[in-house]
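Peer 1: predicted model and sequence follow; I will ask about them next.
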Amino acid sequence: MFFMHKYQRLILQRLLFNKGIRFSDLNNLRIGSDRFNFHLKKLIENGLVIKKENLYSLSAKGKEFANRAEKQAKLGVALNIYKNDGDSRKYLIQKRSKEPFTDWYGTPSGKIEYGENPLVASIRILKKETGLIGDINLKGIAHHVRSLQGGVVVEDEYFWVFSVTNIKGKLMKHPKGGENAWMGKKELKKLKSVFATYSEMEKFTNSKELLYLDIEKIVSEY
């Protein structure tokens, strides 16, 4: 199966409940016409959407695909890797250099593979994303929901949040798809596009019990 962008899935879901709809009525994602048209054309090229007399609808293949597609939150691991520098604390922050959310900042993270234990995933992701090893402890779960203006949800993710201390090894500054750097409170608070704020990370780091947080954000683009 070809890779399908989130916008393309949302278009299919809209067409699942709207038979024969015009372009202007189909685009409810609040994105530019050129960008929306790009994703719509991809669906047509792959035989999932058909256009007839300026009306768009699902093909037989598209109906089957959209009907089988199940919206489900993603499962991942987020690593709060930190070190104390005198009286201040610094976190290892990764600048994302791949889509979606290019140039956003967050702690090193990754998906939990099918059948994989979250702790095992955290060890794997720590090495892959940073080149480091350390003491890993579960601190809780963070539920991140990101929506476009208008309420369309574009990301729904649950992260097992682990703290990483007593760090050893040489830091990988440029892992595939990102750039790592140590940042303190002042640097982190200057960042605008972040997955988790400094205060949110601190809640997990300082909690003496397993913590659960729901974190909802409105984003301008995906």
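Peer 2: Everything's here; your move.

Peer 1: can you pull the buried residues of the regular element (helix or strand) spanning Gln13?
Peer 2: Per DSSP states H and E: Gln13 is located in helix 6-16. Neighbour-count burial for helix 6-16 flags 7-12, 14-15 (criterion: 16 or more other Cβ atoms under 10 Å). In this view, the C-beta of every residue, glycine as well, is placed from N, C-alpha and C.

Peer 1: ok, now stretch 50-68?
Peer 2: So for stretch 50-68, counting by 16+ other Cβ under 10 Å, buried means 50, 56, 58-59, 62-63, 65-66.

Peer 1: dump these to JSON lines, plus pLDDT and secondary structure.
Peer 2: What follows is those, written out as JSON lines (pLDDT from 0 to 100; DSSP: H, G, I helix; E, B strand; the rest coil):
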{"residue": "Ile50", "pLDDT": "94", "secondary structure": "strand"}
{"residue": "Tyr56", "pLDDT": "94", "secondary structure": "strand"}
{"residue": "Leu58", "pLDDT": "90", "secondary structure": "strand"}
{"residue": "Ser59", "pLDDT": "89", "secondary structure": "coil"}
{"residue": "Gly62", "pLDDT": "85", "secondary structure": "helix"}
{"residue": "Lys63", "pLDDT": "82", "secondary structure": "helix"}
{"residue": "Phe65", "pLDDT": "77", "secondary structure": "helix"}
{"residue": "Ala66", "pLDDT": "74", "secondary structure": "helix"}
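
Peer 1: biggest separation within these, which pair?
Peer 2: Tyr56 and Phe65 (15.1 Å; Cβ to Cβ).

Peer 1: just checking, what packs against the lowest-mean-pLDDT helix or strand in the chain?
Peer 2: The weakest-scoring helix or strand in the chain, judged by mean pLDDT, DSSP states H and E, is helix 60-68 (a mean of 76). Secondary-structure packing of helix 60-68 (3 or more Cβ pairs under 8 Å, 6 or more residues apart in numbering; DSSP states H and E): helix 6-16.

Peer 1: quick one: distance of the helix it packs on to the chain centre.
Peer 2: 18 Å (Cα atoms, centre = their mean, to the nearest Å).

Peer 1: for the closest residue to Arg30 other than its chain neighbours, which three-state class applies?
Peer 2: If the residues on either side of it in the chain are set aside, Arg30 comes closest to Gly150, at 5.2 Å by Cβ to Cβ, 6 or more residues apart in numbering. Recorded secondary structure, Gly150: coil (DSSP: H, G, I helix; E, B strand; the rest coil).
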